[in-house]
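Visitor: need a structure here:
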Amino acid sequence: MFGERIKYTTYLAGAIENVKKKEEAVAWRVKVTEELTHPNLLIYDPIAQEASKVGKPSVEQCNYIAGLKRAGHWDKFYDEMRKIWLGQISQNTDLMQLFINLRMRKHIDGNRREEISAWGDFEAVVRSDFIVVYLPMKTKTVGTIYEVMTAFLFRLPIYLIVPDGTKTDTNSSLLYGVLMSGGKIFNNVSTCIKIIKEDYNLITKD
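Guide: From the prediction side, this is the model:
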C-alpha cells in the first residue's frame, strides 16, 4: 500500500567528499531538516540516504571510494559511484531522457516517503520542487555543481546559502543560475529556512 503523496520535495545539496570535518557536511543539513520538517515537505538528505544505497554510512563510503581509486579498482569505483548517483536505475546512456522521465513520474505518480531510499541523487534532484544548496566560497565540490546544473536545467528554484561571502562575491555563473531558476541567495541557514517556510507555506501552527 502506497503512502500519502507529499506536496513538496527538496534536496539538500552540498559538499560531502571534500570537507575538512564531517560536521561541515552534516550540521547545516541537520538544522534544515529539523526546522523545515512539515507534513507537506519531503526532505532528501543524501548523507542520510546514502547507507540504504551503498550499505555504508556516507563518511565510510567516501573513504572506501578513495581506497578504490588509490588501488586502481576502476570498475568497482564506477559501480559504487553509479549507486550514489543513479540508485537502482539500470545503466542508461541518454541521461536527459532519463531525467525527463523521472520528472514526469514526480508529476504523474507523486513522491512518497517510503520511496526515497531507492532514489539516486540525480532522481532526488529532478523529483524535487526546489533545492537547498550550502556552498562556502572556497569549498571544492563537483557533485554539488552537478546538482545545481540539473536543477538549473529543470528550472527548479535554487536556494543558495553562501555562509562566508556576499551576493557580489558569488561566482557569476552560479549566481545567474540561481536567479534564472527563480531561486534566492542567503548568507546564513536560518534566513534561508525562514524564507522557504514563507514561500511554501510550511509554517506549523501551534
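
Visitor: Tyr159 looks like it's in a strand, true?
Guide: Yes - assigned with DSSP: H, G, I helix; E, B strand; the rest coil, Tyr159 falls within a strand.

Visitor: hey, what's it bridged with?
Guide: Beta-bridge partners for Tyr159, by DSSP bridges, are Val132, Lys184.

Visitor: ok, it touching Glu198?
Guide: No - applying C-beta atoms under 8 Å, one finds Tyr159 not in contact with Glu198, separated by 11.8 Å. Any C-beta I mention is one placed from the backbone N, CA and C, and that applies to glycine too.

Visitor: quick one: which of the two has more around it?
Guide: Taking other C-beta atoms under 10 Å, Tyr159 and Glu198 do not tie; Tyr159 has more neighbours (23 against 10).

Visitor: list the contacts for that one?
Guide: Phe130, Ile131, Val132, Val133, Gly183, Lys184, Phe186, Cys192, Ile195, Ile196 (C-beta atoms under 8 Å, 6 or more residues apart in numbering).

Visitor: do that again at 10 Å, thanks
Guide: Applying C-beta atoms under 10 Å, 6 or more residues apart in numbering, we find Tyr159 in contact with 10, 13, 32, 130-134, 178, 181, 183-186, 192-193, 195-196, 199.

Visitor: cool, and Asn188?
Guide: Trp28, Ile161, Val162, Pro163, Lys194.

Visitor: what about 6 Å?
Guide: Contact analysis of Asn188 by C-beta atoms under 6 Å, 6 or more residues apart in numbering lists nothing.

Visitor: for the chain, what spans make up the strands?
Guide: 8-14, 41-44, 130-134, 158-161, 184-186 (DSSP state E).

Visitor: how much does the helix or strand of the chain with the lowest mean pLDDT deviate in direction from strand 8-14?
Guide: Least confident helix or strand of the chain, by mean pLDDT, DSSP states H and E, is helix 46-54 with a mean of 80. Note on geometry: by axes from the mean of the first three to the mean of the last three C-alpha atoms, to 10 degrees, helix 46-54 and strand 8-14 are set 90 degrees apart in direction.
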